[in-house]
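Novice: Return a 3D structure for these sequence lines:
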Amino acid sequence: MTELMKRIIQLAVLLSICLSCGRAGIYDITRYGARPGRENNAPAINKAIDACHKAGGGTVVVPEGIFVTGTILLKSGVTLHLNPGATLHATDSLPEYLSMNTPEDLSRYDSGDGTQNSNNSKDARWNRALILAVGAENIAIEGEGTIDGGHVFDAEGEEHMRGPHTILFACTSGFRLEGVSIRRAANYAFMAYEVENGTFSDLKIDEGWDGIHIRGGKNIDISDCSFRTGDDAVAGGYWEGMNIHDCDINSSCNGIRIIMPVTDVLIDSCRFRGPGEFPHRTSGERRRCNMLAALNIQPGGWGRAYGDVDRVQVKDVVIDRVATPVMITLNEGNNCGTVSIENMTATGIYGAAISVESWKGGVYDEIRLKRVSAEFIGADEPALAGITVGPPPADYRTLPCWGIYAKEVRHLVMEDVRLSYSGKEYRPALMFDHVGAAELKGVEYTPGSGRKDQSFTGCGPVRVSSAAAADNQ
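Specialist: Numbers count the residues shown, from 1 in each chain. So this is what the prediction gives:
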């Protein structure tokens, strides 16, 4: 492509931005001193953002080229637009990064106290970012360019290796991330505290640790995104109104991990597939790539997080080659209202049964599984049928059944559920422990070689009916 053609395309992009922004102006970072090849373009980029913000808002454009930078401070009314071929590349110089600074008390979101994964909202080192927005409104990051976190190493960071987050928003309302690629995050690709009314669409997030991690989110929509992360793809908690739909999720940890209470969550038409294309960052030389749970709901799993899980809906999801499709665990101070899973197909499950369990006082009001098909890889180990289990760790573990494990559920409904395994299996398919009432309508499973295929302990009535009977009710 000739230089003239490139320039024509760039002008066309700028014109389309102008037309879409109406009265808002255009601010090209090169007009403020940014240059490819410079060690740190943050001062120039921030000058462009300041000018745009002071003028009442508009679009700051990153043209084609690789622009090395430290912390960029995104301000209200500003859209950061990355042209095709544009890259914001994180500097290796750690002193060039700024940390979140807010008077708000965000301590309820702290987790992992006393461990190497301690995340404290007052920890300036942990809350650094390449792109930082605090207390901003109506901001956006868009375009067809790339934000490269460079896997910046920090020996004094979390796990003695993690550097700054790629993007961190705090106490921010009305934001949009669209189209860009985010790769090689030195910690999380996107980290947030107390954000609302935000959308993520058509993002591509590769490598790094967590993809989108939100602690305190209200009215958030994540759609048509591709995740190939070295840690959890989507994570966090204290969500109210979170929609995750039409996403392709590949991870070397969990697909979606919820570590704090949530209400009104919809996970719709997503594809979860393992193993991870990029190794789990913390595994080091082992380069572990196996994908753990597609969906792991564990409020309090990384430290006390009081509150309830309620109105979680999972539907039309496809899962392949993960350790377990669904793992839901209540911890101290947590209860659960309703969780429904409908139209879920899972294949190549190699680690653990679908589990819904509580060990520390919490209880589930209602769990519904409808039109669920799960194919497991059997364990040719007769001794597993006799194992006892206690509270789970942060991730999955082997269970004394192979299909579905439920503990402390008031009302369990399973309708049109198909469970099967390949190879040999000696454990029961179903194990219920203190389930108040269960309705099994059209539930089928492959018989095992053990003494029994069902185990019910301390349960109320278990009503069983065929699929045909259920259809006529």
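Novice: now stretch 368-386: mean pLDDT?
Specialist: Across stretch 368-386, pLDDT averages out at 96.
Novice: Name the residues of that stretch that come out as buried.
Specialist: 368, 369, 370, 371, 372, 374, 375, 376, 378, 379, 384, 385 (16 or more other C-beta atoms under 10 Å). Every residue, glycine included, has its C-beta placed from N, CA and C.
Novice: Quick one: residues contacting the first one.
Specialist: Contacts were defined as C-beta atoms under 8 Å, 6 or more residues apart in numbering; by that measure residue 368 touches 338, 339, 340, 341, 342, 413, 415.
Novice: swap in the fourth one?
Specialist: When contacts are counted by C-beta under 8 Å, 6+ apart, residue 371 is found next to 342, 343, 344, 415, 416, 417.
Novice: from those residues, which ones fall inside strands?
Specialist: Taking DSSP state E as the definition of strands, the contacts of residue 371 contribute 342, 343, 344, 415, 416, 417.
Novice: Can you tell me which of those residues is nearest residue 300?
Specialist: Comparing the ones in strands among the contacts of residue 371 against residue 300 with C-beta to C-beta places residue 344 closest, at 24.8 Å.
Novice: For that closest one, list each beta-bridge partner.
Specialist: For residue 344, the beta-bridge partners under DSSP bridges are residue 317, residue 372.
Novice: Return the mean pLDDT over stretch 81-93, rounded to an integer.
Specialist: So the average pLDDT for stretch 81-93 ends up being 98.
Novice: burial of residue 458, as a residue count?
Specialist: 11 (other C-beta atoms under 10 Å).
Novice: Need the nearest residue in space to it, chain neighbours excluded.
Specialist: residue 434 (4.4 Å; C-beta to C-beta, 6 or more residues apart in numbering).
Novice: any chance of the buried residues of stretch 368-386 in CSV, with secondary structure too?
Specialist: CSV is the format used below for the buried residues of stretch 368-386 (DSSP: H, G, I helix; E, B strand; the rest coil):
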residue, secondary structure
368, strand
369, strand
370, strand
371, strand
372, strand
374, strand
375, strand
376, strand
378, coil
379, coil
384, helix
385, helix
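Novice: Next, format those as CSV and append distance to residue 448.
Specialist: As requested, those are arranged in CSV below (distance: C-beta to C-beta, whole Å):
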residue, distance to residue 448
368, 25
369, 20
370, 24
371, 23
372, 19
374, 15
375, 15
376, 11
378, 8
379, 10
384, 11
385, 8
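Novice: nearest to residue 100, of those residues?
Specialist: The closest of these, once distances to residue 100 are taken by C-beta to C-beta, is residue 368, at 39.5 Å.
Novice: secondary structure class for residue 49?
Specialist: Under three-state DSSP, residue 49 comes out as helix.
Novice: Quick check: it touching residue 78?
Specialist: Yes - contact criterion C-beta atoms under 8 Å: residue 49 and residue 78 qualify, at 5.5 Å.
Novice: okay, and the common contacts of these two?
Specialist: Among the neighbours of residue 49, those also in contact with residue 78 (C-beta under 8 Å, 6+ apart) are residue 60.
Novice: These two: who's more crowded?
Specialist: residue 78 (27 against 22).
Novice: I'd guessed the more buried one sits against residue 55; true?
Specialist: No - in this structure residue 78 lies outside contact range of residue 55 using C-beta under 8 Å: 9.9 Å.
Novice: thinking again about what came up before, helix or strand: which one has the residue nearest to residue 458?
Specialist: strand 430-445 (DSSP states H and E).
Novice: Could you list the buried residues of that strand?
Specialist: In strand 430-445, counting by 16+ other C-beta under 10 Å, buried: 430-436, 438-443, 445.
Novice: ditto for stretch 120-139
Specialist: For stretch 120-139, by 16+ other C-beta under 10 Å, it's 120-121, 125-134, 136, 139.
Novice: In terms of residue numbering, what are the domains of the protein?
Specialist: The record's domain parsing of the chain by automatic domain parsing lists 24-291, 301-473.
Novice: out of those domains, deepest packed?
Specialist: Stretch with highest mean neighbour count among the domains of the chain: domain 24-291 (a mean of 21; mean count of other C-beta atoms under 10 Å).
Novice: And that one, how far out from the chain middle?
Specialist: 12 Å (C-alpha atoms, centre = their mean, to the nearest Å).
Novice: mind listing what the residue nearest the centre of the chain touches?
Specialist: What sits nearest the mean C-alpha location of the chain, by C-alpha atoms, centre = their mean, is residue 234, with 0.5 Å. Residue 234 is in contact with 210, 211, 212, 213, 222, 227, 244, 249, 255, 256, 257, counting by C-beta under 8 Å, 6+ apart.
Novice: Provide the partner residues of it in its beta bridges.
Specialist: According to DSSP bridges, the partner residues bridging residue 234 are residue 212, residue 256.
Novice: Okay, it and residue 381: tell me how far apart.
Specialist: For residue 234, the distance to residue 381 equals 33 Å [C-beta to C-beta, to the nearest Å].
Novice: Same question for residue 217.
Specialist: Applying C-beta to C-beta, the value for residue 217 to residue 381 is 42 Å.
Novice: Which of the three states applies to residue 30?
Specialist: Going by three-state DSSP: residue 30 is helix.
Novice: Test my guess that it contacts residue 64.
Specialist: No - using C-beta under 8 Å, residue 30 is not in contact with residue 64; the gap is 10.4 Å.
Novice: returning to what we had before: how close does the residue nearest to the centre of the chain sit to residue 357?
Specialist: Applying C-beta to C-beta, the value for residue 234 to residue 357 is 22 Å.
Novice: Residue 250 now?
Specialist: 27 Å.
Novice: likewise residue 113?
Specialist: For residue 113 relative to residue 357 (C-beta to C-beta), the value is 24 Å.
Novice: picking up where we left off before, my read: the residue nearest to residue 458 touches residue 459, true?
Specialist: Yes - Residue 434 lies in contact with residue 459 (C-beta under 8 Å); the separation is 6.7 Å.
Novice: What separates the first and last residues of stretch 392-402, distance-wise?
Specialist: Its first and final residues considered, stretch 392-402 spans 16 Å by C-alpha to C-alpha, to the nearest Å.
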